[in-house]
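>>> Okay, here's the prediction I keep looking at, along with the sequence it came from:
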Amino acid sequence: MATLVRSHNAEKVIERLGKKLNRQVVGSLAACVHCGMCTESCHYVLANPGDVTFAPAWKADRLRKIFKRHYDWTGRVFPWWVGAKSVWTDEELEELKDIVFGKCTNCRRCSINCPMGVDFATFNRTVRGLLVSVGIMPEGVAHVSKDQWEIGNQMGVLKEDYLDTIEWMEEEIQEELGPEARIPIDKKGANVVYTINPREVKYDPRTISDAAKIFEVAGEDWTMPSEGWDMTNFGLFSGDDELGASVAQRVYDKMEELGGRKLVISECGHGYRSTRCEGQNWAGKDVSFAMESSVVTMLDYVKTGRIQVDKSKNDKVYTYHDSCNFARSCGMTEEPRELLQLVAGDFREMVPNRAENYCCTGGGGAMSMSEYAPNRLKSAKIKADQLRATGANVVVTSCHNCVDGLNDLIKHYKLDMEVTQLVNLVANALVMPEKPVVEEVVPPEVVLEAPLAGRKILVVDDEPDLRVFYGSVLEDNGATILEAADGETALELAVAEKPDLITLDLSMPGMDGGKVFAALRTHEVTAEIPVCIITGRPELRSLIYDRPVPPPEGYLDKPVNEETLLRNVRKIFEVGD
Ligand code: SF4
Ligand code: SF4
């Protein structure tokens with residue numbers, strides 16, 4: 001009879017499991033009585049009725065069996081009696097990977113609904129960490145972790161691009177607040193050191209200028225750090241405590257170097273949880289400075305009168321989505337509601353809400369794992385139903401990850417809604433301090449040239465309405481427009497016409513945008529033409545960023561409005577208004 005030989009990775013996972021067994025994990029492993037009360041808490045279960053493999057207790061049993069076989073005396077002596085089972089092959093580890101990464105967003109809704117106090121999400125993260133330690137993980141997780149290890153932020157934003165974006169946002173606020181308005185970098189001893197999510201630099205810089213506007217109008221003594229500015233932490237998602245420690249330490253070190261009084265964390269659920277709550281445990285240190293969410297900071301400004309707001313400026317119908325990390329895991333449920341109702345008019349509560357709210361379904365790093373996207377979007381039906389039932393046309397959330405998750409499901413379920421954050425609403429509601437009256441000097445009439453005059457732009461998108469929209473916005477600003485509805489036509493036009501810029505959709509029938517992008521970058525005629533990706537499928541980012549070619553010059557998530565489109569195109573061309 002052949003002897004079964006355990007794979008090297010399986011050996012390591014079993015050995016390392018022993019080192020992860022703290023009181024919380026063992027308590028959760030031992031306490032489950034299989035009552036099933038957690039089952040209906042899980043959005044995956046609700047979207048897949050009858051499929052037991054989505055039930056939290058079933059998923060937990062995959063690890064529980066291994067634990068019992070190797071670390072519990074009953075399982076070592078009577079494995080058949082207590083359902084203990086070891087793990088032997090890499091194929092079994094791959095199956096485990098599909099469970100812990102593909103069937104759970106670590107949202108902790110089941111954890112708070114377990115009468116025995118079993119925290120499934122915690123040991124789901126533990127298993128993720130064990131698999132990551134032997135190199136078994138979704139490609140997206142490997143990619144993002146590598147960027148955070150090597151470049152210092154999870155989206156691979158280079159220091160010069162970060163500083164360039166800050167400078168650009170400073171110019172934006174100066175247009176409104178005057179030349180004295182600043183985004184100070186590395187100011188020593190400031191009252192507030194403001195840290196952000198790299199998504200803000202890459203895809204949503206308006207959240208930076210909106211926050212800067214609020215700090216300036218409040219007269220805050222503030223700064224942004226040149227390094228250690230990424231308050232997100234992929235270690236929370238991947239289960240890699242070493243990554244968690246390294247990322248948190250980077251933020252804390254910079255804060256200590258600057259001697260700031262208070263670290264303010266922009267609106268991001270997992271960033272807040274990682275930096276304020278978990279990071280000190282991973283890094284093994286107690287920090288000496290205060291930390292708070294920007295939601296708390298903004299609320300304080302409004303309540304103490306440091307900024308004046310006019311809620312009638314936000315005149316749509318709003319609902320609020322609680323981020324799992326921000327609300328359920330960190331208890332931040334009332335502050336965002338209070339602020340929202342101070343700066344916006346019509347607020348409709350989502351049901352259920354607060355700690356019982358359902359995950360946006362993009363949590364736990366799910367947006368980076370494109371292989372599980374179909375199941376993620378299927379499980380998002382419960383969230384889509386929740387959103388629809390509010391009757392709101394704007395969903396507000398204090399989490400960048402949720403912004404992506406919600407945008408994706410809104411598109412998938414064709415909801416007539418947009419997503420925004422409190423920082424955008426507060427900035428929009430700001431009542432500007434009155435400027436001193438200066439005598440008006442009438443300048444001689446100057447005929448301004450349209451900012452995109454003389455530029456030829458190829459707009460590539462399979463949706464005719466969007467081609468017309470992008471084309472007319474750019475044409476109104478002086479550009480000459482070429483259009484292509486598919487990848488093949490786009491390549492032909494690009495070679496024949498050599499446009500100054502190409503806006504490119506990723507998800508198109510036939511040749512997808514990723515292949516078009518690669519072909520453009522490797523063709524001698526088109527290799528240098530700037531490309532601005534405009535996509536409604538953020539999970540397809542890997543189609544462009546994983547290629548061994550220079551990254552695109554611009555990237556926008558749909559839906560795109562006129563202001564965002566123009567701002568990004570102008571930035572690529574380095575032209576003003
Ligand atoms: S509610 Fe708790 S005890 Fe019951 S099955 Fe779920 S994890 Fe086990
Ligand atoms: S943590 Fe959330 S996604 Fe994971 S099993 Fe529990 S309820 Fe489901």
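Cool, the structure landed. Residues are numbered from 1 along each chain as shown. Ligands and ions are numbered 1, 2, ... in the order given.

>>> sec struct for Y318, please.
Under DSSP: H, G, I helix; E, B strand; the rest coil, the three-state class of Y318 is strand.

>>> Check the burial of the closest residue to G189 other than its chain neighbours by counting its neighbours.
Of all residues not flanking G189 in the chain, G259 sits nearest, at 4.9 Å (Cβ to Cβ, 6 or more residues apart in numbering). Yep, even glycine has a C-beta here, placed from its N, CA and C like the rest. When neighbours are defined as other Cβ atoms under 10 Å, G259 has 12 of them.

>>> Can you report phi and psi for G259?
Main-chain dihedrals, G259, degrees, to the nearest 10: phi 70, psi 30.

>>> And for K456?
Phi and psi for K456, reported as degrees, to the nearest 10, are phi -110, psi 120.

>>> I am assuming it contacts I502, so please confirm or correct that.
No - K456 sits out of contact with I502 when judged by Cβ atoms under 8 Å, with a separation of 10.0 Å.

>>> the more surrounded of these two?
The neighbour comparison of K456 against I502 (other Cβ under 10 Å) goes to I502, with 25 against 14.

>>> can you pull the pLDDT of the most centrally placed residue in the chain?
The chain has N401 as the residue nearest its centroid, 2.8 Å off, counting by Cα atoms, centre = their mean. You'll see N401 listed with a pLDDT of 96.

>>> do the same with V446
Looking at V446, its pLDDT reads 63.

>>> Check S507 too.
87.

>>> Is any residue of the helix or strand hosting E91 near ligand 2?
Of the helices and strands defined by DSSP states H and E, E91 is found in helix 90-100. No - Helix 90-100 stays clear of ligand 2 (Cβ under 6 Å from any ligand atom), getting no nearer than 9.1 Å.

>>> Please name every helix or strand in contact with that helix.
helix 8-20, helix 56-71, helix 120-133 (3 or more Cβ pairs under 8 Å, 6 or more residues apart in numbering; DSSP states H and E).

>>> Any idea how far it is from the middle of the chain?
25 Å (Cα atoms, centre = their mean, to the nearest Å).

>>> which residues sit against that helix?
Residues from elsewhere that reach helix 90-100 (Cβ atoms under 8 Å, 6 or more residues apart in numbering): 7, 9-10, 13, 53, 59, 62-63, 87, 124, 127-128, 131, 134, 136-138, 372.

>>> hmm, which of these are the buried ones?
For those, a burial check counting by 16 or more other Cβ atoms under 10 Å picks out 7, 9-10, 13, 59, 62-63, 87, 124, 127-128, 131, 134, 136-138, 372.

>>> near ligand 1 too, which of those residues?
Of the buried ones among the contacts of helix 90-100, not one also sits near ligand 1 (Cβ under 6 Å from any ligand atom).

>>> Please identify the buried residues of the helix or strand hosting V468?
Assigned by DSSP H and E, V468 belongs to helix 464-476. Neighbour counts over helix 464-476 (16+ other Cβ under 10 Å) mark 466-467, 469-471, 473-474 as buried.

>>> ok, the residues you listed vs ligand 2, which is closest?
Among the buried residues of helix 464-476, L466 lies closest to ligand 2 (Cβ to the nearest ligand atom), at 33.5 Å.

>>> got the contact list for the closest one?
505, 534, 558.

>>> ok now do the residue of the stretch 451-577 of the chain found nearest ligand 1, which residues does it touch?
Scanning the stretch 451-577 of the chain for the residue nearest ligand 1 gives E539, at 29.8 Å (criterion: Cβ to the nearest ligand atom). Counting by Cβ under 8 Å, 6+ apart, E539 touches 367-370, 373, 408.

>>> just A10 next, same as before
86-90, 92-93.

>>> repeat that with 10 Å
A10 sits next to 66, 86-93, 134 when contact means Cβ atoms under 10 Å, 6 or more residues apart in numbering.
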